[in-house]
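turn this into a structure:
(2 chains)
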Amino acid sequence: DTGVSQDPRHKITKRGQNVTFRCDPISEHNRLYWYRQTLGQGPEFLTYFQNEAQLEKSRLLSDRFSAERPKGSFSTLEIQRTEQGDSAMYLCASSLVGGRGDGYTFGSGTRLTVV
Amino acid sequence: QKEVEQNSGPLSVPEGAIASLNCTYSDRGSQSFFWYRQYSGKSPELIMSIYSNGDKEDGRFTAQLNKASQYVSLLIRDSQPSDSATYLCAVSGAGSYQLTFGKGTKLSVIP
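Numbers count the residues shown, from 1 in each chain, chains lettered A, B, ... in the order given. You can find the predicted model right below:
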């Protein structure tokens, strides 16, 4: 296993279109997180899953955003009716339950540009 | 609202010097503290974690935590040009695996 994989790496979409991103975590990691990062800012928490259960969602996650993690493996993040303000790097990370929480392993991210 | 504050920099140090990066946090209940390094256009990479007051050393890196002052720092000894990056401080609270990040400090190591 080579780490957390995200697909696609880049996505350019027109305002109003729907987009979906995929994240494949490290195989033995049962926690999966989505963060969003804009230029000059640190990553902002969006949501996280433990196995297939979505345990926490940020207020940043409007009704246009939905995340799933069927069967507790890969996860998808969908943004409906995209807006220019959605342009950002979307980062996925994973970690293992039971440890002290020794930080996450991040994927390479999906850079979304809404035009 | 949990906040993590960092000086955005840029912080410039000559090669071989000690770089000192600082972070303060607002939530007294915070229990886990992390430093991530992020190269331009790349994703964050964990370099240090610290949970107890005091110092923790790993190679050229030393993390320092003072919970009474709500202060975390990272020292990089013998700084190298390859250390030039943005350093993100991140904090999580009791029973939470959500990390709150600062905006990051941009470090430039001058050869």
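
now tell me what touches the helix or strand that contains B:Val91 from outside.
Using DSSP states H and E, B:Val91 sits in strand B:85-93. The contact list for strand B:85-93, computed with CB atoms under 8 Å, 6 or more residues apart in numbering or on different chains, reads A:42-43, A:101, A:103, B:2, B:4, B:6, B:21, B:23, B:25, B:27, B:29-40, B:44, B:72, B:74, B:98-102, B:104-107. Backbone N, C-alpha and C define where each C-beta goes, glycine included.

spell out which residues of chain B are next to chain A.
Residues of chain B lying close to chain A (CB under 8 Å from any CB of the partner chain) are B:4, B:8, B:32, B:34, B:36, B:42-46, B:49, B:51, B:88, B:90, B:92, B:96-104.

buried members of those residues into PyMOL, please.
Only the buried members of the residues of chain B next to chain A enter the following PyMOL selection, criterion being 16 or more other CB atoms under 10 Å in any protein chain shown:
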select buried, chain B and resi 4+32+34+36+43+44+46+49+88+90+92+96+97+98+99+100+101+102+103+104
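
so which of the residues of chain B next to chain A sit within strands?
Applying DSSP state E to the residues of chain B next to chain A, the entries found in strands are B:Val4, B:Ser32, B:Phe34, B:Tyr36, B:Glu45, B:Leu46, B:Ser49, B:Leu88, B:Ala90, B:Ser92, B:Thr100, B:Phe101.

now, which of the residues you listed sits nearest chain A?
Nearest to chain A among these: B:Phe101, at 3.1 Å, using CB to the nearest CB.

give me the element the residue nearest in space to the middle of chain A is part of.
Per CA atoms, centre = their mean, the C-alpha nearest to the average position across chain A is that of A:Trp34, at 3.1 Å. Assigned by DSSP H and E, A:Trp34 belongs to strand A:31-37.

and that strand, which strands flank it?
Looking at strand A:31-37 with DSSP bridges, its partner strands are strand A:44-50 (antiparallel), strand A:88-95 (antiparallel).

quick check: end-to-end length of stretch A:81-88?
15 Å (CA to CA, to the nearest Å).

so what's the residue count around the residue nearest to B:Gly9 when sequence neighbours are not counted?
Distances taken as CB to CB, 6 or more residues apart in numbering or on different chains put B:Lys106 closest to B:Gly9, at 4.2 Å, once the chain neighbours are dropped. For B:Lys106, the neighbour count with other CB atoms under 10 Å in any protein chain shown is 19.

B:Lys106 belongs to a strand?
Yes - looking at B:Lys106 with DSSP: H, G, I helix; E, B strand; the rest coil, it is inside a strand.

thinking again about what came up before, nearest spatial neighbour of the residue nearest to the centre of chain A, skipping sequence neighbours?
Using CB to CB, 6+ apart, the nearest residue to A:Trp34 is A:Leu46, at 4.3 Å.

tell me, how many residues neighbour that neighbour?
A:Leu46 has 21 nearby residues by other CB under 10 Å.

kindly report the same for A:Tyr90.
23.

how close does it sit to A:Arg111?
Remark: distance between A:Tyr90 and A:Arg111 (CB to CB, to the nearest Å) = 8 Å.
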